[in-house]
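In: sharing a sequence plus its predicted fold:
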Amino acid sequence: MHKPRTPAALFAALATVLAATAAIAGPAQAAPPAADPSCRLDPVHQDIKHVIYLQFDNVHFTRDNPNVPSDLEQMPHLLTFLTGNGTLDSNHHTPLIAHTGTDILTSITGVYGDRHGQPISNSYRYFNPDGTSGAGVSFAYWTDGVFDPATTTPSDPAPTMVGPDGKVAPAPWVSYTRAGCDFGAVATANTVLENTGPDVPKVFGPGSPEAQEAKTNAALAQTDFVGIGVHCARDSALCAKGTAKPDVLPDEPGGYAGFQGLFGARYVDPVIAGGPAVSTVDGSAPITDPKGNPGFPGFDGMSAANSLGYVAQMQEAGIPVTYGYLSDAHDRHPSGGAYGPGEAGYVAALKSYDDAFGTFFTRLAKDGITKDNTLFVVTSDENDHFAGGPASPAGCDGIHVPCTYSTIGEVNANVAGLLATQQGVTTPFKVHADSAPNFYLNGNPARDATVTRDFEHATAALTATNPYTGQNKQIFSYFADPVEMKLLHMVTGDPHRTPTFTGFADPDYFVFAGAPNCASPCVTVQPGFAWNHGDFSPDINVTWLGMVGPGIKHLGVTNSVWSDHTDIRPTILSLVGLADSYRSDGRALSELIEENRLPVGLRGHRDTLSALGAAYKQLNASVGAFGTNTLVASTKGIDGPDARYAQTMSALTSLGQLRDLVAGQIAAQLDDATFHHGRINEPLARLEIALAEGLIVASAALAR
């Protein structure tokens, strides 16, 4: 029998092969030059005239209760449109951590959070020079610095959207505007103004009337300036008609001078609607804030009727590329609280969303905007895990028999109180509260410092009785310190943001740090929230992607293609004939695209290409096989004795270095073939597949 290779021997062998493959791959391609100033979507085939991208907050294709139709099943106008005219990939995945901010930003940029700067959201923490930590908000305009509501002078100098080089990450509208196409943004994360604090004075100027309004009437300023925007092409007629401001991107690769934008409903609405307000998608009412002022209704107010109203109005005004966010339907807007599957209010909300989509497609068709000339892309940021008891009456379906819930709500766990009472640990720390909480120990100790290791062991030992299962079990399922977080694409170019470690809890739990005691119960049910995300759990990390339009195959529902949020952008750009100035972490989903619409470099070697894409995703995606295996190994190492911890982290570091080399090489070959007139090198691709599979096998062995 052959003696199995040791990890060191495997690493050495892989490294030797990698060095040899560099010669096969050849030199990297240069970034594409700027495009013609007139809008030229799809210059080769010339039948894609519009791009409509929509991203839901927590809308599910799968059922949360087997008796209750899923969210999409209760929106047949949308579901039938996607499955009857194109493809719905039900095997689509989130990055980590799976939150609205991270997921949307990953989807619209095509890169993971380590490259766009927000892997931890919807807020995050950063270390101060004295070792304490402050709180930053993920939602801030693209060029903002750290937005800490507690101070106007945060100690962290990095931008919110920090790239690996410490500069502002490339903006997602640039490929369109450089091609001469106006880009409309409807509540889409960080492409619009997100707040009246740093955003308004940054874009309009600290002494501007807009900044003064933000100081004296913040609520009205949110209505006027937040949430709605248009990034205009150079010399755009649309911007020339309105009150435009410079669209400043100082760190954009290749420069970005001479572009302007319209920021806020006050300046967008008159240009696209010819009056002070845009109406709901059916035209029945103006879109207003809660006080009746025309303009942005708030992010929670971006229902399907409101968001689709803005998207349709922008398209009708001649904005060919529109990105829109749709708020969740499972919360009781605007009163607060959460619904369970099949509750009457939830069913009614989904019915209103379905009606809005029916009207939307009819309205667009009357405008001549159809599946024959428009690329429709629809997805959800993540699936959320429902935390609640059983539905009543038994067998209720929500449609014919409404469901009710006697107990509903996430299980709140005060980790500071549990550590003090169960483990006697009172080490000062802060936590980014979440189902996947990030811990920041005061003093920012090294990952292998005694204080860190003792704290991790104590946290791993915490137990609680889950009120829904009645079982007393450990609260946390997985742990990642900076070594594993790097493998999961959670370590950014800003070292101040890297947590001491991250825990992934049972998805029923929401972990926070309250009083260091349990005088008030440390574990309670919080009925205000019942849909958890962020965590590492299949019912959170598996979501869906729908595409319709020229070049998209009519596959209906398929789960044969494993994809994640990074794949959306390169798929769109390959279809419309544009390219980014940077290389994506994703790939064009060639399995969903008609053969004659693929770039020439992707048309040959189809079986090898699919195998290469599949191997790449399992190797590089946050929740792919490699990430799953290394997270299991990381958890065992962190929870084990120091000797095992050291060995595990050394092995993970080596695996990570090799992963980055192999994944980077595959990404370069796919990018070259997709966007730079290259071709898939069959021998190289087969070698890369073998290397990727070898690393996945090695990660599985380490997990065991």
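Out: Thanks, I have the structure now.
In: what average pLDDT does stretch 304-322 get?
Out: Taken as a whole, stretch 304-322 carries a mean pLDDT of 98.
In: can you show me the strands along the stretch 1-150 of the chain?
Out: Counting by DSSP state E, counting those that start in this stretch, the stretch 1-150 of the chain has strands at residues 50-56, 86-93, 123-127, 133-137.
In: can you say which of those is nearest to Pro286?
Out: Closest to Pro286 of the strands of the stretch 1-150 of the chain is strand 50-56 (C-beta to C-beta; 21.6 Å). For glycine as for every other residue, the C-beta is placed from the backbone atoms N, C-alpha and C.
In: what packs against the closest one?
Out: When contacts are defined as 3 or more C-beta pairs under 8 Å, 6 or more residues apart in numbering; DSSP states H and E, strand 50-56 packs onto helix 100-109, helix 304-316, strand 321-326, strand 374-380, helix 568-576.
In: out of the strands of the stretch 1-150 of the chain, deepest packed?
Out: strand 50-56 (a mean of 25; mean count of other C-beta atoms under 10 Å).
In: check the offset of that strand from the chain's centre.
Out: Remark: strand 50-56 is offset 15 Å from the chain centroid, using C-alpha atoms, centre = their mean, to the nearest Å.
In: and the contacts of that strand?
Out: With contact meaning C-beta atoms under 8 Å, 6 or more residues apart in numbering, strand 50-56 is reached by 41, 104, 107-108, 176, 188, 307-308, 311, 315, 320-326, 328, 369, 373-381, 572, 576.
In: one more time with 7 Å
Out: Outside strand 50-56, the residues within contact range by C-beta atoms under 7 Å, 6 or more residues apart in numbering are 41, 104, 107, 311, 315, 320-326, 369, 373-381, 572, 576.
In: local confidence estimate at the residue nearest to the spatial centre of the chain?
Out: For the chain, Asp103 is the residue whose C-alpha lies nearest the centre (C-alpha atoms, centre = their mean; 0.9 Å). Predicted confidence (pLDDT) for Asp103: 98.
In: and stretch 458-468, what's buried?
Out: 458-462, 464, 466, 468 (16 or more other C-beta atoms under 10 Å).
In: still on that earlier bit, so which of the strands of the stretch 1-150 of the chain is nearest Ser352?
Out: Counting by C-beta to C-beta, Ser352 lies closest to strand 50-56 out of those; the figure is 13.9 Å.
In: what's the angle from that closest one to strand 374-380?
Out: Strand 50-56 and strand 374-380 meet at an angle of 10 degrees, taking axes from the mean of the first three to the mean of the last three C-alpha atoms, to 10 degrees as the criterion.
In: now strand 50-56: mean pLDDT?
Out: On average, strand 50-56 scores 98.
In: please apply the same query to stretch 419-438.
Out: 98.
In: what's the end-to-end length of that stretch?
Out: Taking C-alpha to C-alpha, to the nearest Å, stretch 419-438 runs 15 Å from one end to the other.
In: how far off centre is that stretch?
Out: With C-alpha atoms, centre = their mean as the basis, the mean position of stretch 419-438 lies at 26 Å from the chain mean.
In: ok, and what's touching that stretch?
Out: Stretch 419-438 has contacts (C-beta under 7 Å, 6+ apart) with 97, 120, 123-125, 133, 415, 439-442, 451, 455, 458-459, 461-462, 499, 502-505, 507, 509-513, 516-518, 532-536.
In: repeat that with 6 Å
Out: The contact list for stretch 419-438 (C-beta atoms under 6 Å, 6 or more residues apart in numbering) reads 97, 120, 124-125, 133, 439-442, 455, 458, 462, 499, 502-505, 507, 510-513, 516-518, 532, 534-535.
In: quick one: low-confidence parts of the protein?
Out: For the chain, the stretches with pLDDT under 70 are 1-37.
In: how about the helices and strands packed on strand 50-56 in a markdown table, adding distance to Leu619?
Out: Converted to a markdown table, the helices and strands packed on strand 50-56 look like this (distance: least, C-beta to C-beta, whole Å):
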| stretch | distance to Leu619 |
| --- | --- |
| helix 100-109 | 17 |
| helix 304-316 | 36 |
| strand 321-326 | 29 |
| strand 374-380 | 23 |
| helix 568-576 | 17 |
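In: now, of the ones you listed, which is deepest in the fold?
Out: With neighbours defined as mean count of other C-beta under 10 Å, the helices and strands packed on strand 50-56 peak in mean count at helix 100-109, which reaches a mean of 28.
In: output the contacting helices and strands for that helix.
Out: helix 113-116 (3 or more C-beta pairs under 6 Å, 6 or more residues apart in numbering; DSSP states H and E).
In: what are the buried residues along the helix it packs on?
Out: Neighbour counts over helix 113-116 (16+ other C-beta under 10 Å) mark 113-116 as buried.
In: can you pull out the residues in contact with it?
Out: Contacts for helix 113-116 (C-beta under 6 Å, 6+ apart): 102, 105, 109, 119, 161, 164, 169, 489, 491-492.
In: and which of those residues is nearest Thr674?
Out: Distances from Thr674 to those, taken as C-beta to C-beta, are shortest for Thr109 (16.1 Å).
In: over to the closest residue to Pro550 other than its chain neighbours: give its phi and psi.
Out: Of all residues not flanking Pro550 in the chain, Asp47 sits nearest, at 4.7 Å (C-beta to C-beta, 6 or more residues apart in numbering). Dihedral angles of Asp47 (phi, psi; degrees, to the nearest 10) stand at phi -120, psi 0.
In: residues near Ala257, how many?
Out: Residues lying near Ala257 (other C-beta atoms under 10 Å) number 11.
In: which of the helices or strands spans it?
Out: Using DSSP states H and E, no element contains Ala257; it sits outside every helix and strand.
In: now the phi/psi pair for it, please.
Out: Ala257 adopts backbone torsions of phi -100, psi 150, taken as degrees, to the nearest 10.
In: tell me how far it lies from Pro250.
Out: 10 Å (C-beta to C-beta, to the nearest Å).
In: before we move on, what about Pro467?
Out: Distance from Pro467 to Pro250, by C-beta to C-beta: 51 Å.
In: what's the answer for Leu661, then?
Out: Distance, Leu661 to Pro250, by C-beta to C-beta: 32 Å.
In: out of the two, name the residue with the larger neighbour count.
Out: Leu661 (18 against 11).
In: Cys518 touches Ala416, doesn't it?
Out: No - look at Cys518 against Ala416 with C-beta atoms under 6 Å: they stay out of range, at 9.7 Å.
In: mind checking which of those two has more residues around it?
Out: Neighbour totals were compared for Cys518 and Ala416, and Ala416 leads with 24 against 16 (other C-beta under 10 Å).
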